[in-house]
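Participant: Quick one, what's the 3D model for this:
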Amino acid sequence: MDNRNPASTSGRWRRWATLGACLLLAAMLLAVVARSGPVLRKYPERIPVRFWHMWTAEWKVVVDRIVDRFNASQDRYEVVALSVPSASADSKFLLAVAGGDPPDVMGQWNQVIPKWAESGLIVPIDDLMTPAEREAFDRDAYPVVRRIGTYKGRLYGVTTGLNVWACYYLPQHLREAGLDPDRFPQTLEELIAWGEKLHRFDRQGNLLRLGFMPEWLTMYAPVFGKGFYDDSSGSLTLETADNLRALTFLVECRRKLGFQNVVRFNSGLSTGFAAEWPFISGAYSITLDGQWRVEQLARYAPNLEYRTAPLPPAAGGRRQAGWSNGNLMIIPRGAAQPQGAYEFIKFWSGLENPVRAAEFYTWGGWLPLSQAIADAPVYLEYVKKHPQFKTFLDTLPSENLQPTPPVPYQVYLWDRIGQIDDSAMRGTLTPEQALRTLREDIELERSQRRALGYAE
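Facilitator: Numbering: from 1, shown residues only. Coordinates of the predicted model:
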């Protein structure tokens, strides 16, 4: 029996029609603005290649330098860069594609590639590659680079900077606790034992210093097993024994300190990118963070004694494992100059000339696409200047770095993993219940997608 009110159904359709008309109008207006707005051109006789990105402040300066270098390197194209606010970048991109006037290339770090590829919003970059270029990419790019921009065997995004996580630690804290900073733990279990010796509390039992606390299931699941995706079979691995072991381990570590104790401690701290990072003040003895902190420490705490080390594996787990993401270059469907966009991507990423591109990576403190870039003299000099950066660099060849699974509902999957992780840490779900909930939610999502004719 249909209980819907015809009047309300009609009203709903009118609202959808109005919304559709508004979106179409917005797309048309965006296209007009994009065509008629003022564009600063240094080489008006060349073919313009419009480049959208989300970098601001000092990062925009770096991007502009790279653009200038590309424009000076040849006389056919002129890349015209536009910094788009990150909060609205994706919606602006979708409107531009819908309006038939997208940029030619976009710098993207959100988890959109599988969805946009499945929806036909971006083009496979390997269509623009010669067979030799594709062969070189498959041979030379780090394993995680090949995975992170690929969907169903096609390359849709080329990285211009990866993110990898490792342990930062303060040797002085270790010495004070009778621990040897030259013999960093070789297993996760040993690292937890170190952390327990490094915790500091006040008389009321409130946490004053966090020795080490493993958090974030997405990061730790690959340390215990295959994580959430099996590349060999191309399938999700959600409710597995390894994932259960990982989540149980994280929950137990949190339980020992007390959930509220950790929440209160973290609530008074900042994760900023200047001198306010708690590691600088000594609030953390050992913490897991990304390679960008090396540059931050050199700038805001140049006299701080610290070291980095790979996250050690759990007993029976995998070495040099963890989650990774990065900056990727994509080409929209309907781009006016896809070939010009590809030439710019090759230039910046180092696909074309890794030695030349190595300098760009040092400007941003970015991890490179291939070993050829890492071995370039200018990059070796950068690592010599920032020796703790080498820990991250040495992790890149690992097969055990895992990006978010390449499924078209990637954002939903990421959100659901985060929610069950939080519920388990709060004690509202057991680890078993949390992973079962995750599996059931994803199975429901996939069945609904099948019913609507979408890809799984």
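
Participant: can we go C-alpha only for contacts and neighbour counts from here?
Facilitator: OK.

Participant: and the residue nearest to the spatial centre of the chain, backbone torsions?
Facilitator: Nearest to the mean C-alpha position of the chain, by CA atoms, centre = their mean, lies residue 325 at 2.6 Å. Dihedral angles of residue 325 (phi, psi; degrees, to the nearest 10) stand at phi -140, psi -170.

Participant: Pretty sure it sits against residue 147.
Facilitator: No. If you go by CA atoms under 8 Å, residue 325 and residue 147 don't touch, sitting 10.3 Å apart.

Participant: who touches both of these two?
Facilitator: By CA atoms under 8 Å, 6 or more residues apart in numbering, residue 325 and residue 147 have these common neighbours: residue 403.

Participant: Tell me where the stretch 351-456 of the chain has strands.
Facilitator: 401-402 (DSSP state E, counting those that start in this stretch).

Participant: need the helices for it, in chain order.
Facilitator: 354-364, 371-374, 377-385, 390-395, 410-426, 431-451 (DSSP state H, counting those that start in this stretch).

Participant: all strands for the stretch 101-250 of the chain, in order.
Facilitator: 105-108, 150-151, 154-155, 158-163, 165-169, 200-201, 207-209, 229-230, 235-236.

Participant: Out of those strands, the one nearest residue 298 is which?
Facilitator: strand 165-169 (13.6 Å; CA to CA).

Participant: so what strands line up beside the closest one?
Facilitator: Neighbouring strands of strand 165-169 in its sheet, by DSSP bridges, are strand 286-290 (antiparallel), strand 307-309 (antiparallel).

Participant: Those into CSV, with extra columns for mean pLDDT?
Facilitator: CSV is the format used below for the strands paired with strand 165-169 (pLDDT from 0 to 100):
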stretch, mean pLDDT
strand 286-290, 98
strand 307-309, 98
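
Participant: Format the ones you listed as a markdown table; extra columns: mean neighbour count and distance to residue 139.
Facilitator: Formatted as a markdown table, these follow (neighbours: other CA atoms under 10 Å; distance: least, CA to CA, whole Å):
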| stretch | mean neighbour count | distance to residue 139 |
| --- | --- | --- |
| strand 286-290 | 20 | 26 |
| strand 307-309 | 20 | 28 |
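
Participant: Reformat those strands into TSV and put distance to residue 447 next to each item.
Facilitator: Output for the strands paired with strand 165-169, formatted as TSV (distance: least, CA to CA, whole Å):
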stretch	distance to residue 447
strand 286-290	36
strand 307-309	43
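
Participant: Without its sequence neighbours, what residue ends up closest to residue 165?
Facilitator: With sequence-adjacent residues excluded and distances taken as CA to CA, 6 or more residues apart in numbering, residue 165 is closest to residue 290, at 4.3 Å.

Participant: Among the strands of the stretch 101-250 of the chain, which comes closest to residue 117?
Facilitator: strand 150-151 (7.3 Å).
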